[in-house]
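Engineer: sharing a model prediction with you, sequence too.
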2 protein chains.
Amino acid sequence: MQAEPDAFLKSLFHAALAAADPLRVVPPHLPAPPRGRTVVVGAGKAAAAMAKAVEEHWPGPLEGLVVTRYGHGLPCRRIEVVEAAHPVPDAAGRAAAARILERVGGLGPDDLVLVLISGGGSALLTLPAGGLSLEDKQATVRALLKSGAAIGEMNTVRKHLSAIKGGRLGLAAAPARLVTLAISDVPGDDLSVIASGPTVPDASSFADARAVLEKYRIEAPVAVRRYLEAAADETPKPGDARLAHASSVLVSRPQDCLLAAADAAWRAGVTPLILGDALEGEAREVGRVMAGIALSVCRHARPIAPPAVLLSGGETTVTVTGQGRGGRNLEFLLSLAIALDGAEGIHALAADTDGIDGTEEVAGAVLGPATLTRARGQGLDPKLRLRDNDAWPVFAAAGSLIETGPTRTNVNDFRAIFIER
Amino acid sequence: MQAEPDAFLKSLFHAALAAADPLRVVPPHLPAPPRGRTVVVGAGKAAAAMAKAVEEHWPGPLEGLVVTRYGHGLPCRRIEVVEAAHPVPDAAGRAAAARILERVGGLGPDDLVLVLISGGGSALLTLPAGGLSLEDKQATVRALLKSGAAIGEMNTVRKHLSAIKGGRLGLAAAPARLVTLAISDVPGDDLSVIASGPTVPDASSFADARAVLEKYRIEAPVAVRRYLEAAADETPKPGDARLAHASSVLVSRPQDCLLAAADAAWRAGVTPLILGDALEGEAREVGRVMAGIALSVCRHARPIAPPAVLLSGGETTVTVTGQGRGGRNLEFLLSLAIALDGAEGIHALAADTDGIDGTEEVAGAVLGPATLTRARGQGLDPKLRLRDNDAWPVFAAAGSLIETGPTRTNVNDFRAIFIER
């Protein structure tokens, strides 16, 4: 019997992954082939799989270059696939970004540039603007990370230190027609945020970028300050005619994956409730909140009557204070299990849709009423493990880790809590 | 226009409070008067109001004594109302507990003991068992609090160091008929947990209490260790015939208050969704999760289509690291507001149903899209205020604090997030 809820939850996860699988979601959105050349470029965790999807369905000649994370590559025949570092950029990513800018330059109005964008593209597509060094840029971003600046503020600065982000790749492709196909991994699915929007207008300005550095009293390198002061080459703003040749399509969003899982749940006779596609918060605290909602389903048939499954997406965070192993999904699950305290009839799955939950080996795990009992049977104290950010051994002991390898897509985390009765 | 969502949210809060108002919920559950005497005893934040409700509706003679928190008293004519300290017990509470045990002793089978129980009763009804001092007990509880013991483990120890908790008040009242009327403030509404269950069976044992001290390596005072070893006087267990004279009624639960608020929302044309009556977690993180759910309502009409209101109860926690003012509901709201970042059409209310959110002056607050703008206009940085556990000035600046004074009831926190569209 134990295997059934696990199998059900895994079937939902697979339905969610299928809804973000480039080989399924890219082909229906391919534009009509141009009279001229077709150049494919792109960046992100899904870049190689998106390139392969294009190759397999494109009716005409094709050339190009995409950059993806180490381990996320796939052999393509006509599109070159480069692997580079994520989340901290490296020289391979920088070289690929420069070559991508070169590739889209010098095309004519009869040519087409297909840009394949997905989560992780911002780090993979790194090209410092006007004479800045990678070190200058990295020092600035590192200082911002420590300062408590919001992600939007950080991106304002990033876009104004880049030769490719904030619409600059789009400008470089003119006068060729440009179509962006994007897989979203950001709250609100804003195209100017996914991979820092290399092909779409940027509402922020050099003045905004300077204001962010001032607000957080960032001691940026001199070269960075000078470049931002000079403000010589503003990013294209919304409505900018220089991007009139460019259009974009979102081919998959976290919400689409939750809807696919919800549909699979309905078909299995279980009522789904989607709580949100962009939930954030400290992983262990999100686990406690979700436990409260699941227990309310058991006790009061609210917010929904069992059998039911609570679905959510988004990215939780882990503030690391311990020495252990395990990513945010395992930490979420361990906290959830502790809060549920073996409650009968409640099972859960949490996994990163890119297949890598912090460590390289697991995507996530499933849990049931007996999970912690099994871990205790092997001498593990769940609360101590949680305190040490060490959820991995608990789920290893329970034999409930999920290993997918890199999925070559990314729509953030997938969480499902199944309440049988 | 701004006033309307606030008024709507306040009407839901008032509907919730009405569903926990002793003057409304106690009278329908009063038992038939006995042939003999009626003795009323009780403890908790609602004790005085419950006593008044009994007095006003009791058809016969009446006498008794209840203990409530300082500031929560109400003048009664026939039932003595004593005020004592909460959450750290004091001598007034101890003296009242001793007198309550005396009051219920020596009654006959034709007499009736009415026990009025509500949240806070555990601290207010303190009477160390067999020769232990209040200091012995306090030292033990303090060490447990620091140890990370679960609340259930803590209560196991408490019940076995008490002369009145864990069913002992119930035993003392025999052979008189005993009826407990309880207002729940605990997850799961377990009568053995509310005020540490003075009139109901206790499933835990002296051996369990010793095991808890051992598990957390608590250095309890010698007198405490000796008393637990002697294990001379076990609490009554479930099915114990010595409590056959006792029965209990839950007159109000957090869920009843959420249902009342949901009903009020329906009548106003707004769809309610009850997420749970016992949500827990660090207040600021619960705020971030709720923001994610509210934004999903806006963007995707999930888990519910607007206009909608997300309702929840339970007690969040605040880990204090700063120097500021403000209880858990204000901290929740400030974090929620920061995460919503001025999102149009979202308003929220959070308040403690006992009327006291950490500080003596406010029950909670409301917020809308302009709340943080107003606070910034007065020179306050919301993120810095949150970092300093200092939410109070933000809502004071916005003019949106809710002041009720002590409500003389307690069903934990009430949270409502209204999404207009």
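Structural biologist: Yes, it's here.
Engineer: need the helices for the stretch 1-150 of chain A, in chain order.
Structural biologist: Using DSSP state H, counting those that start in this stretch, the helices assigned to the stretch 1-150 of chain A run over residues A:3-18, A:22-25, A:47-57, A:91-104, A:121-124, A:134-147.
Engineer: deepest-packed of those, please.
Structural biologist: Stretch with highest mean neighbour count among those: helix A:121-124 (a mean of 28; mean count of other Cβ atoms under 10 Å in any protein chain shown). Every residue, glycine included, has its C-beta placed from N, CA and C.
Engineer: report the distance from it to the chain centre.
Structural biologist: Its chain's C-alpha centre and that of helix A:121-124 lie 11 Å apart, by Cα atoms, centre = their mean, to the nearest Å.
Engineer: and for stretch A:85-100?
Structural biologist: Stretch A:85-100 sits 18 Å away from the centroid of its parent chain (Cα atoms, centre = their mean).
Engineer: before we move on, what about stretch A:114-127?
Structural biologist: 11 Å.
Engineer: how long is it from one end to the other?
Structural biologist: By Cα to Cα, to the nearest Å, the extent of stretch A:114-127 from end to end equals 20 Å.
Engineer: same thing with stretch A:137-156?
Structural biologist: For stretch A:137-156, the first-to-last residue distance is 13 Å (Cα to Cα).
Engineer: ok, now stretch A:299-318?
Structural biologist: First residue to last in stretch A:299-318 (Cα to Cα) measures 30 Å.
Engineer: how far out from the middle of the chain is it?
Structural biologist: In terms of Cα atoms, centre = their mean, the centre of stretch A:299-318 is found 22 Å from the chain centre.
Engineer: does that stretch come close to chain B?
Structural biologist: Yes. Residues of stretch A:299-318 contacting chain B under Cβ under 8 Å from any Cβ of the partner chain: A:299-300, A:302-303, A:312, A:314.
Engineer: ok so, going back, for residue B:226, which of the helices of the stretch 1-150 of chain A is the nearest?
Structural biologist: Nearest of these to residue B:226, taken as Cβ to Cβ: helix A:3-18 at 48.4 Å.
Engineer: contacts for the closest one, please.
Structural biologist: By Cβ atoms under 8 Å, 6 or more residues apart in numbering or on different chains, the residues outside helix A:3-18 that reach it are A:24, A:257-258, A:260-261, A:263-265, A:268, A:270, A:309, A:311, A:347-349, A:351, A:353, A:364, A:366, A:368, A:400, A:402, A:404, A:407, A:409, A:411, A:414, A:416, A:418, A:420.
Engineer: close to chain B: what parts of the stretch 51-200 of chain A are there?
Structural biologist: A:148, A:187-188.
Engineer: quick one: mean pLDDT over stretch A:388-395.
Structural biologist: Averaged across stretch A:388-395, pLDDT comes to 96.
Engineer: ok, and does it reach over to chain B?
Structural biologist: No. For stretch A:388-395, no contact with chain B is found by Cβ under 8 Å from any Cβ; the gap never falls below 13.3 Å.
Engineer: what about that stretch, distance to the chain center?
Structural biologist: 23 Å.
Engineer: residue A:232 reaches residue A:160, doesn't it?
Structural biologist: No. If you go by Cβ atoms under 8 Å, residue A:232 and residue A:160 don't touch, sitting 10.9 Å apart.
Engineer: those two: which is more packed in?
Structural biologist: residue A:160 (26 against 9; other Cβ atoms under 10 Å in any protein chain shown).
Engineer: for that one, give its distance to chain B.
Structural biologist: Distance, residue A:160 to chain B, using Cβ to the nearest Cβ, to the nearest Å: 21 Å.
Engineer: now do the same end-to-end measure for stretch A:264-271.
Structural biologist: Start to finish, the residues bounding stretch A:264-271 are 10 Å apart (Cα to Cα).
Engineer: which ones are touching the residue lying closest to residue A:129 once chain neighbours are set aside?
Structural biologist: Once flanking residues are discounted, residue A:129 sits nearest to residue A:163: 4.5 Å by Cβ to Cβ, 6 or more residues apart in numbering or on different chains. Counting by Cβ under 8 Å, 6+ apart, residue A:163 touches A:97, A:101, A:127-130.
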